[in-house]
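[1] following is a predicted model, sequence given first.
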Amino acid sequence: MEVMGINGKTRIALWVIGIVAAAALVAFLAVFFTRFEAGKKFVDEFFNWRVFEKTMPYVARGLWVTVKLAVISEVCILAAGLMVAMVRISKVKPFRFLAAVYIDVIRGMPLLLQIFIVYFGLAYMGLNLSQFVAGVIALTICYAAYEAEIFRAGIESIHKGQMEAARSLGMGYLKAMRYVILPQAIRNVIPPLSNEFIALLKDTALVATIGLAEVFFRGREMMGKYASVTPLMGAALCYLIITLPLMRLVQYMTTRLSMKD
Amino acid sequence: MSGEYMVEIVDLHKRFGFHEVLKGVNLKVKPSEVLVVVGPSGSGKSTMLRCVNGLEHATSGHVFIEGVDITQHGIDINAMRQKVGIVFQSFNLFPHLTVLRNVTLAPVKVKKMDAAEAEEKALRLLERVGLKEKAEAYPAHLSGGQQQRVAIARALAMDPDLMLFDEVTSALDPELVKEVLDVMKDLAREGMTMMVVTHEMGFAKEVGDRLIFMDDGVIVEEGPPEDIFTNPRSPRAIDFFSKILSHL
Ligand SMILES: Nc1ncnc2c1ncn2[C@@H]1O[C@H](COP(=O)(O)OP(=O)(O)OP(=O)(O)O)[C@@H](O)[C@H]1O
Ligand SMILES: [Mg+2]
């Protein structure tokens, strides 16, 4: 296959150059990290096996909290996002306006701020939520705004003839939505929603700021205790173990879905 | 209003913004009548048809279906629409459902028909339009002519008293037009009341009981198709038919 007019010989040459360059980089880094003082210090700080061994089990236990927080939030987000999207496209102007305001205001504020507002705000009102529940609420409020826009785009991408055909058969608006529009729209929004889920998984780390002992919180705690960056690298590893396969899965689903068209 | 007419349109006006598309349409369609609607592009044919099943709201005037005014407030439009089937130029089949499910969806979800009964009925209808063997196929795998025949079967599954056809063969390759027109001819022969917007003058002559010529939002001429083709009176109709018939 010819890619952009590059012929066989040039391709081989490019491969050789690439491999040589990569090998040179690896060799350089190996020498830097093992022979030079600055390099050795870096490895000792960031990838200290002794510290890693000691702290990793504790940090990794936060993964359960992180995943639980992300999954429970995601369920609430999907339901809330779909509902907001339906209101956003409804025929009733005041409702539509309210939904638009909600979506814009929430998307215009940092998530971190929203987490604080929910947790401390509700505490002032005498409603003492656990950090976990506050996290679920704040993440839902925030992400529902984004996912509502995704749902809306998905619904609006369905040709209006579909709604007309359904209504002409005597289906009410909600029935037409449920049996005709949404099944088609949801197929279109699976890839963007999956990307949102990956973003959500990472954003759960922000809930650490109100004291929820998830992965990042534990990593930071151990960093203080051992005076080493290594626990943070362990935390990074925890996120990657989940996000990397998810990203591949989304990629795979996206190509599968677009192939079907 | 008596139920003597299947459709009765009284002084129907429709405006989109400042653009008045229907400027006082009056029309009566008797049961079992096949009414052919012709006219230049933009004359309001589709809009009139869409007012008959409430896809467009009349700006003023009335549309009676079997004596019931569907323009009045509080009317159960979903119930009325079950009596009025419509077939569109662009098929509008549900792409995520098989042919069979396309046909059974409304009977099951709207009429609460038993699933097995609905399937049996759908298969009968598909047989009637010559597509029984495609029951499990998805719309994307059918030709335009086949999709349009499924669309007709889907509308018939609700047992409508009236069928609306809006240029249903215009999007089809010429060799596929006949299979769709044949299904429509059968329907007409079986006594279905039909309002058919079409440029197929052969069809109009063969099965049309009456033809109306619309221009600029009003009905300009009305009569037996043959008469109007051969003897149009208004200048606009003369112009229109000379263009269309010279293409045949
Ligand atoms: N939803 C709408 N909003 C604004 N204008 C519209 C709308 N629907 C139709 N129109 C306008 O109304 C006029 C009549 O449209 P209509 O589709 O009824 O004509 P038609 O006779 O069916 O024409 P054609 O033969 O091209 O289908 C056109 O000028 C069209 O632009
Ligand atoms: Mg039209």
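    Arrived safely. Residues are numbered from 1 along each chain as shown, chains lettered A, B, ... in the order given. Ligands and ions are numbered 1, 2, ... in the order given.

[2] so how far is chain A from the closest residue to B:Met184 other than its chain neighbours?
    Nearest residue to B:Met184, sequence neighbours excluded (C-beta to C-beta, 6 or more residues apart in numbering or on different chains): B:Phe165, at 6.7 Å. Glycine gets a C-beta too; all of them are placed from N, C-alpha and C. Distance from B:Phe165 to chain A, counting by C-beta to the nearest C-beta, to the nearest Å: 12 Å.

[3] ok, then the element right after the helix or strand in which B:Phe165 is found?
    Using DSSP states H and E, B:Phe165 maps to strand B:162-166. Next helix or strand after strand B:162-166 toward the C-terminus (DSSP H and E): helix B:174-189.

[4] which residues of chain B lie near chain A?
    Contact residues (C-beta under 8 Å from any C-beta of the partner chain) of chain B with chain A: B:53, B:55, B:78-79, B:81-82, B:84-86, B:88, B:90, B:92-96, B:105-106, B:109-111, B:151, B:154-155, B:158.

[5] buried members of these into PyMOL, please.
    Buried subset of these, written as a PyMOL selection, criterion 16 or more other C-beta atoms under 10 Å in any protein chain shown:
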select buried, chain B and resi 53+55+78+81+82+84+85+86+88+90+92+93+94+95+96+105+106+109+110+151+154+155+158
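
[6] now what about the helix or strand encompassing A:Glu196, what contacts it?
    Assigned by DSSP H and E, A:Glu196 belongs to helix A:182-203. Here helix A:182-203 makes contact (C-beta atoms under 8 Å, 6 or more residues apart in numbering or on different chains) with A:66-67, A:70, A:73-74, A:77-78, A:111, A:139, A:143, A:146-147, A:150-151, A:153-155, A:157-158, A:162, A:239, A:242-243, A:246-247, A:249-250, A:253-254, A:257, B:94-96.

[7] ok but A:Leu25 is inside a strand, no?
    No. Under DSSP: H, G, I helix; E, B strand; the rest coil, A:Leu25 falls outside any strand and is assigned helix.

[8] hey, which helix or strand in chain B has the poorest pLDDT?
    Taking mean pLDDT, DSSP states H and E as the measure, helix B:235-246 is the helix or strand of chain B with the lowest mean score, a mean of 84.

[9] just the buried residues of that helix, please?
    Across helix B:235-246, burial judged by 16+ other C-beta under 10 Å covers B:236-237, B:240-241.

[10] ok, so of these, who is nearest ligand 1?
    Ligand 1 lies nearest to B:Phe240 out of the buried residues of helix B:235-246, by C-beta to the nearest ligand atom, at 11.3 Å.

[11] do I have it right that that closest one meets B:Ser43?
    No. B:Phe240 is beyond contact range of B:Ser43, at 9.2 Å (criterion: C-beta atoms under 8 Å).

[12] overlap in contacts, these two.
    Shared contacts of B:Phe240 and B:Ser43, defined by C-beta under 8 Å, 6+ apart, are found at B:Asp215.

[13] and the least confident helix or strand of chain B, anywhere near ligand 1?
    No. Helix B:235-246 stays clear of ligand 1 (C-beta under 6 Å from any ligand atom), getting no nearer than 11.3 Å.

[14] pull the CA atoms of that helix into CSV?
    Taking C-alpha atoms only, helix B:235-246 is exported to CSV below (Å, rounded to 0.1, in the frame of the first residue of the first chain):
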residue,chain,number,x,y,z
PRO,B,235,-52.8,29.2,-18.1
ARG,B,236,-50.8,27.8,-15.2
ALA,B,237,-52.2,24.4,-15.7
ILE,B,238,-51.7,24.5,-19.4
ASP,B,239,-48.1,25.5,-18.9
PHE,B,240,-47.6,22.7,-16.2
PHE,B,241,-49.1,19.9,-18.2
SER,B,242,-47.4,20.8,-21.4
LYS,B,243,-44.1,20.6,-19.6
ILE,B,244,-44.9,17.3,-17.8
LEU,B,245,-46.6,15.5,-20.7
SER,B,246,-43.8,16.4,-23.1
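
[15] hmm, who's touching that helix?
    Residues outside helix B:235-246 that contact it (C-beta under 8 Å, 6+ apart) are B:38-40, B:199, B:201, B:213, B:215, B:220-221, B:228-229, B:232.

[16] can you tell me which of those residues is closest to ligand 1?
    Within those, proximity to ligand 1 (C-beta to the nearest ligand atom) peaks at B:Gly39, which comes in at 5.7 Å.

[17] quick one, what contacts the closest residue to the closest one other than its chain neighbours?
    In this structure, B:Gly39 finds its nearest non-sequential neighbour in B:Met214, 3.6 Å apart by C-beta to C-beta, 6+ apart. B:Met214 makes contact with B:25, B:37-39, B:43-45, B:48, B:220, according to C-beta under 8 Å, 6+ apart.

[18] so which elements touch the strand holding B:Phe165?
    Using 3 or more C-beta pairs under 8 Å, 6 or more residues apart in numbering or on different chains; DSSP states H and E, the elements in contact with strand B:162-166 are helix B:45-52, strand B:84-87, helix B:144-156, strand B:193-197.

[19] quick check: B:Thr193 vs A:Gly8, distance?
    70 Å (C-beta to C-beta, to the nearest Å).

[20] which one's more surrounded, these two?
    The neighbour comparison of B:Thr193 against A:Gly8 (other C-beta atoms under 10 Å in any protein chain shown) goes to B:Thr193, with 23 against 8.

[21] what sits against the more buried one?
    Applying C-beta under 8 Å, 6+ apart, one finds that B:Thr193 lies in contact with B:6-7, B:29-34, B:161-163.

[22] that one pairs with what?
    Beta-bridge partners for B:Thr193, by DSSP bridges, are B:Leu162.

[23] and the pLDDT at A:Gly126?
    Looking at A:Gly126, its pLDDT stands at 88.

[24] part of a strand, is B:Val63?
    Yes. Applying three-state DSSP, one finds B:Val63 inside a strand.

[25] what bits of chain B have low per-residue confidence?
    Low-confidence segments of chain B (pLDDT under 70): B:1-3, B:247-248.

[26] what residue of it is the furthest out?
    Distance from the C-alpha centroid of chain B peaks at B:Ala116, with 28.5 Å (C-alpha atoms, centre = their mean).

[27] for B:Phe88, see how far away the closest residue to ligand 1 within the stretch 101-250 of chain A is.
    Nearest to ligand 1, among the residues of the stretch 101-250 of chain A, is A:Lys160, at 9.7 Å (C-beta to the nearest ligand atom). Applying C-beta to C-beta, one obtains 11 Å for the distance of A:Lys160 from B:Phe88.

[28] over to A:Tyr119?
    Relative to B:Phe88, and taking C-beta to C-beta, A:Tyr119 is found at 53 Å.

[29] B:Leu12 too?
    The spacing between B:Leu12 and B:Phe88, counted by C-beta to C-beta, is 20 Å.
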